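**Q** Build me a model from this:
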Amino acid sequence: MRKKVIFITGASGEVGNALVRELAQDPANHLLTMDLHPLPAELRALTTHVEGDLLNMRLLARLVSEYEIDVVYHLAALLSTRAEITPEEAHQVNVEASLALLKLAAEESQWRKRSVQFIFPSSIAAYGLPDRETKAHFQRVREFEWNQPRTMYGCNKLYCEMLGSYFSRYYKQLAVEQPPTIDFRSVRFPGLISAVTVPSGGTSDYAPEMLHAAAQGQPYCCFVREEARIPFMVMPDAVRALLQLAHAPRHRLSRQVYNVTSFSLSAAEIRERVLSAFPAAQISFDPDLKREAIVDSWPADIDDSAARMDWNWRPEYEVDRAFEEYLIPHIRRRYAGD
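**A** Prediction:
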């Protein structure tokens, strides 16, 4: 008999690390994780971890033969900056691997005659505003507005949202009797800031990079101008959003893709908060116009009223608490011995 598991891809990444820690607190949860890289030592006892490539169909087939996958948290992705450098690889990792997993979840749903839940983290990179004037006018963007991404990562995320919708609503729609389909749910995250893991190449990483550099006494040159603004969220709230959406009653959901956010800050406002905690920090600005243009295409803020209405989403960490109770103390302790 196959063991029922929660399957987490990209488990070695920022969100994956935090999600494993949270889910492992419930002894009823049996975790199966997968990544190209090993898990940190402190997480290895919490899960059955497989080092491998999601594009390895033989490996996925073996896992399905050994485990009954009940829920999928598909976190594996090639992030925005690297995706611009290697767009073909980004398509393989972000789209082709997602398609393989969606098909796997659909076939598992048919086999057991009930839906596999598929949780997919999307991104504000799915948006694309054409210029700063438009961005200034549309202060809080809703899920269905400005879905015209200008990055490969954003295109990948938007397309995978559509693939998820297809597999959950229309997969094998011409069959004589349509089989059970997956239960696809997605959150569009703002920029994420973690105090536990170091930044990993996202275009919004100038915020956590400022903090980590300041705590280490290293100078930091920000690649966007002082006025550049996007929404942010700290990692504990990101994990809460994924779990809260996963646990929401299906009949209460009015859509499959939801914005979630916590606070919106300019790069200058982030610097001021960093300097209040680390007065000796050396933070300068030398915009990289190409990377800054990507940030400028993302909304200054996003409207998460649908998530608040449908599944009672509320961030626990508004801006003051995020910095004063989570980011500053944790990052300070991380580098205290350096």
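
**Q** For Gln117, list each beta-bridge partner.
**A** Val71, Asp183 (DSSP bridges).

**Q** is it true that it touches Val71?
**A** Yes - taking C-beta atoms under 8 Å as the definition, Gln117 is a contact partner of Val71 at 4.6 Å. All C-beta atoms are positioned from the backbone trio N, CA, C, and that covers glycine.

**Q** Counting neighbours, go ahead and name the busier of these two.
**A** Gln117 (21 against 18; other C-beta atoms under 10 Å).

**Q** what residues are up against the more buried one?
**A** Neighbouring residues of Gln117 by C-beta atoms under 8 Å, 6 or more residues apart in numbering: 70-72, 182-183, 185, 246.

**Q** Drop anything exposed from those residues.
**A** 70-72, 182-183, 185, 246 (16 or more other C-beta atoms under 10 Å).

**Q** hey, where'd the strands end up in this structure?
**A** For the chain, the strands defined by DSSP state E cover 3-9, 31-35, 48-51, 67-74, 117-123, 140-141, 183-189, 191-193, 220-222, 229-234, 257-259, 263-266, 283-285, 301-302.

**Q** Determine which of those strands approaches Ala90 most closely.
**A** Closest approach to Ala90 among these is made by strand 117-123 (12.8 Å; C-beta to C-beta).

**Q** pLDDT weak spots in the chain?
**A** Low-confidence segments of the chain (pLDDT under 70): 201, 337-338.

**Q** the longest helix in it is where?
**A** Of all the segments of type helix in the chain, defined by DSSP state H, the longest one is helix 152-169.

**Q** got the buried residues for that one?
**A** 152-161, 163-164, 167-168.

**Q** Show the contacting residues for Trp323.
**A** Let me fix one detail, which is that residue 323 is Phe and not Trp. 273, 277.

**Q** 6 Å instead, please
**A** Shown in contact with Phe323 (C-beta atoms under 6 Å, 6 or more residues apart in numbering): Arg273.

**Q** and the residue nearest the centre of the chain, how far is that from Asp35?
**A** For the chain, Pro121 is the residue whose C-alpha lies nearest the centre (C-alpha atoms, centre = their mean; 4.3 Å). To Asp35, Pro121 is 15 Å away according to C-beta to C-beta, to the nearest Å.

**Q** One more: Gln256?
**A** 26 Å.

**Q** out of those two, which sits in the busier spot?
**A** Between Gln256 and Asp35, Asp35 has the larger neighbour count (other C-beta under 10 Å), namely 21 against 18.

**Q** Spatially nearest residue to that one, not counting backbone neighbours?
**A** Ser12 (4.0 Å; C-beta to C-beta, 6 or more residues apart in numbering).

**Q** Around the one you found, how many other residues sit close by?
**A** When counting by other C-beta under 10 Å, one arrives at 24 neighbours for Ser12.

**Q** How about Trp146?
**A** Residues near Trp146, counting by other C-beta under 10 Å: 18.

**Q** hmm, who's touching the longest helix of the chain?
**A** By C-beta under 6 Å, 6+ apart, helix 152-169 touches 80, 83, 87, 90, 94-95, 98, 102, 106, 120, 122-123, 125-126, 147, 149, 181-182, 184, 186, 256-257.

**Q** Drop anything exposed from these.
**A** So, of those, 80, 83, 87, 90, 94-95, 98, 102, 106, 120, 122-123, 125-126, 149, 181-182, 184, 186, 256-257 end up buried under the neighbour-count rule (16+ other C-beta under 10 Å).

**Q** just to revisit the earlier point, of the buried residues of helix 152-169, just say which sits nearest to Val239.
**A** Nearest to Val239 out of those is Lys157 (C-beta to C-beta; 18.6 Å).

**Q** hmm, back to that, output the buried residues of helix 152-169 in CSV; the columns should cover distance to Glu226.
**A** Below are the buried residues of helix 152-169 laid out as CSV (distance: C-beta to C-beta, whole Å):
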residue, distance to Glu226
Met152, 27
Tyr153, 25
Gly154, 24
Cys155, 29
Asn156, 30
Lys157, 28
Leu158, 29
Tyr159, 34
Cys160, 34
Glu161, 33
Leu163, 38
Gly164, 37
Phe167, 43
Ser168, 43
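
**Q** nearest to Glu318, of the residues you listed?
**A** Lys157 (25.9 Å).

**Q** Roughly how far does the closest one sit from Ser122?
**A** On the measure of C-beta to C-beta, Lys157 and Ser122 end up 5 Å apart.

**Q** again with Pro179
**A** 26 Å.

**Q** Then Ile328?
**A** On the measure of C-beta to C-beta, Ile328 and Ser122 end up 29 Å apart.

**Q** that older thread, closest to Asp205 out of the strands of the chain?
**A** Among these, strand 191-193 sits nearest to Asp205 (C-beta to C-beta), with 7.8 Å.

**Q** now the closest one, how far from the chain's geometric center?
**A** 9 Å (C-alpha atoms, centre = their mean, to the nearest Å).

**Q** For that strand, give me every contacting residue.
**A** Contacts for strand 191-193 (C-beta under 6 Å, 6+ apart): 204, 207-208, 230, 232-234, 238.
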